[in-house]
Every structure is written in structure tokens, then in C-alpha cells.
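> need coordinates for the below:
(chains A and B)
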Amino acid sequence: MNEVVSAIRLVPLEHYVMLSFALFSIGLAGMLFRRNTIIILMCLELMFNSVNLLLTAFSAHHSDPGGQVFVFFIMLVAAAEVTVGLAILVMMKRNVDSVDIDQLNRLRW
Amino acid sequence: MLTLFYLFAAISVLCALVVVAARDPVNSVIALIVCFLSIAGHYILLNAQFLAVVHIIVYTGAIMVLFLFVIMLLNLNKATEPQRSLATRVAAVVAGGLVLLTLLAAVRHGISVEPARDFDIGTGLVRSVGRSLFNEFLLPFEVSSVLFLSAMVGAVMLGRREKNPQAA
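Presented below is the predicted three-dimensional model:
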């Protein structure tokens, strides 16, 4: 039993927190940085994954499977979100003939 | 073990940077796939075996292939995209860096985590996650099927070709 526990505890929780913070910030900066809508969707996936990693790390250190079930649900929501997002992207390419996010500025005042 | 963690962490952060920086969307997708595989490695280090397998199947197998498929369908694999202005790009990097700084400053004294009293070594295996999923989280699990149905109907509705192009 103690081998698994000590193997998990060998990497401090702070390291996972910092790693997922770094991934989240890269995803956020990438969303503002790029104009290609498909890259922006990928940065969104990156931010989802940093949150998933954080939840899993806390769940493993607390020995609570509830956190990993939450990660499972986040994966489900991400899959649904990507389906709709890519359908919107295809429609945008068909109507505006571009995937530039700045083309969709009609709702901006 | 710590070496493996640093290896996977370096791979994931580098690939995340490549996702943002690459000009060709296909290169971004490949970098994101490598990043997701290294995150699956982190899950294995955390003994979350079920999540590692599901992560590889769902993200690398389904979502990223869907991205690649859309890129090839729309013929986006040429770097013709106009760039943002230099000021906007600098502002984006500064905003991301400030968010990172704020988040890191919040945990600069470390996080005091109470260790689990009775440590179950089966946490993260299929048995424990499945027990938790089908006992306390049964209702959200069923509701997520409705979410999937609506997402599927929505995707089909959005992807349908309009009869007259002026209506869109």
C-alpha cells in the first residue's frame, strides 16, 4: 500500500498547482493572441485541461474519487462544446468565408 | 518519479507554447496532441488510470481528430491568417503573464493540504471511479446524456446548408 501512496506523495501538490497555472495562463494569453478561431478553440481546450489536471492532483492527494468524476464530467462538457464550436466554425467559414474572429463584430457597440 | 514529473511538465508547457506560436494550424493541433499525451502521463503519475485512458481516447482520439478533420475540410492548412497588431500581441502576453503572476502569488506560501486520513490505494482505478459515478453522481451522469443529445442536434442544425444564402 505504502509504495503507491509514497509514489503519489513524492511530487508535491504545489508543483501540480504551478504547472496547471502555467498551462491556464498560456491558454488565456493564446486566446487573446490569435485571430484564428480554431486556435482559440484549442486554447480553450488547453485551459479545460489545466483545470482537469488540478482537480485530478487534488483528488489523488486527498484519495477522493469525487474529483476524478468531476474531471470526467468536464471531459463530457468539453466534447459537447467542441462539437457545437466546430459546427459554428464551419458555418462561419461558409457565410463569411473566413475564420478570422475579428470578422464577427456585429454585436460590438 | 520527480524526474518524470519535470519531463512531462516541460513537454506540456513547451507544446502549449507551440500551440499558441505556430503559424500553421496543423502544427498547432499536433503540438496540442503531444501536450495532451503528456497530461495523460501526469494522470498515470497520479495513479488516475481510468482518467488517463479516457483522456487519451476522448481528447487525442476524438476531439483532436475532429479538429484536424475540420482544418482539412475547410482547407485551413496554409498560414494566410492575418496577425494581430504588435500592441495587441504584447498586451495579450502581458495579460497572460499578469494572470500567472497573480495565481502564483496566491500560493506563494504553499498550500496547506490536510493529508487523507484513510488513504485508499484504489482511488483513480476503474472500480472506485465507477462506484462513485454510479452512486452519488448518477443523476448528473444521466443528465449529461441530454446535454450530448442537445449538442448533437445543435451541431446538425448549425451544419445544415441554408436554402437561400441571404437568410443567414
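
> now do the buried residues in the helix or strand hosting residue B:54.
When elements are assigned from DSSP states H and E, residue B:54 belongs to helix B:49-55. By 16 or more other CB atoms under 10 Å in any protein chain shown, the buried positions in helix B:49-55 come out as B:50, B:51, B:52, B:54, B:55. From N, CA and C alone the C-beta is placed, and that goes for glycine too.

> as CSV, the residues you listed with pLDDT would be great.
Listed next are the buried residues of helix B:49-55 as CSV, based on pLDDT from 0 to 100:
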residue, pLDDT
B:50, 91
B:51, 92
B:52, 93
B:54, 93
B:55, 93
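
> filter these by proximity to chain A?
Applying CB under 8 Å from any CB of the partner chain to the buried residues of helix B:49-55, one finds that B:50, B:51, B:54, B:55 fall near chain A.

> which SS class is residue B:111?
The local conformation at residue B:111, judged by DSSP: H, G, I helix; E, B strand; the rest coil, is coil.

> correct me, but it touches residue A:15?
No. The criterion here is CB atoms under 8 Å, and residue B:111 misses it with residue A:15 at 11.1 Å.

> so between those two, which is more surrounded?
For the pair residue B:111 and residue A:15, the greater number of neighbours falls to residue A:15 (14 against 11), based on other CB atoms under 10 Å in any protein chain shown.

> OK, contacts around the spatially closest residue to that one that is not a sequence neighbour?
Take residue A:15 and drop its neighbours on the chain: the residue closest to it by CB to CB, 6 or more residues apart in numbering or on different chains is residue B:5, 6.5 Å away. When contacts are counted by CB atoms under 8 Å, 6 or more residues apart in numbering or on different chains, residue B:5 touches A:11, A:15, B:42, B:45.

> swap in residue A:53?
Residue A:53 neighbours (CB under 8 Å, 6+ apart): A:16, A:19, A:20, A:23, B:39, B:42, B:43.

> quick one, phi/psi of it?
Note on residue A:53: backbone dihedrals following degrees, to the nearest 10 are phi -60, psi -40.

> and residue A:36, by the same measure?
phi -80, psi 120.

> isn't it up against residue A:101?
Yes. In this structure residue A:36 lies within contact range of residue A:101 using CB under 8 Å: 7.5 Å.

> looking at these two, which is more packed in?
residue A:36 (21 against 17).

> ok, now which ones touch the more buried one?
A:99, A:100, A:101, B:25, B:76, B:81.

> now, which of the residues you listed sits nearest residue B:67?
residue B:25 (8.3 Å; CB to CB).

> tell me who's in contact with the closest one.
A:36, A:38, A:39, B:71, B:76, B:77.

> quick check: the farthest pair among these?
Largest pairwise distance in the contacts of residue B:25, by CB to CB, is 12.8 Å, between A:39 and B:77.

> so what's residue 43 scoring on pLDDT?
No chain was given, so I picked chain A. Note for residue A:43: predicted pLDDT of 93.

> my question was about chain B
Per-residue confidence (pLDDT) for residue B:43: 93.

> related to what we said a few turns ago, give the other helices and strands that the helix holding residue B:54 contacts.
The elements that helix B:49-55 packs onto, with contact taken as 3 or more CB pairs under 8 Å, 6 or more residues apart in numbering or on different chains; DSSP states H and E, are helix A:37-62, helix A:65-96, helix B:25-45, helix B:126-135.
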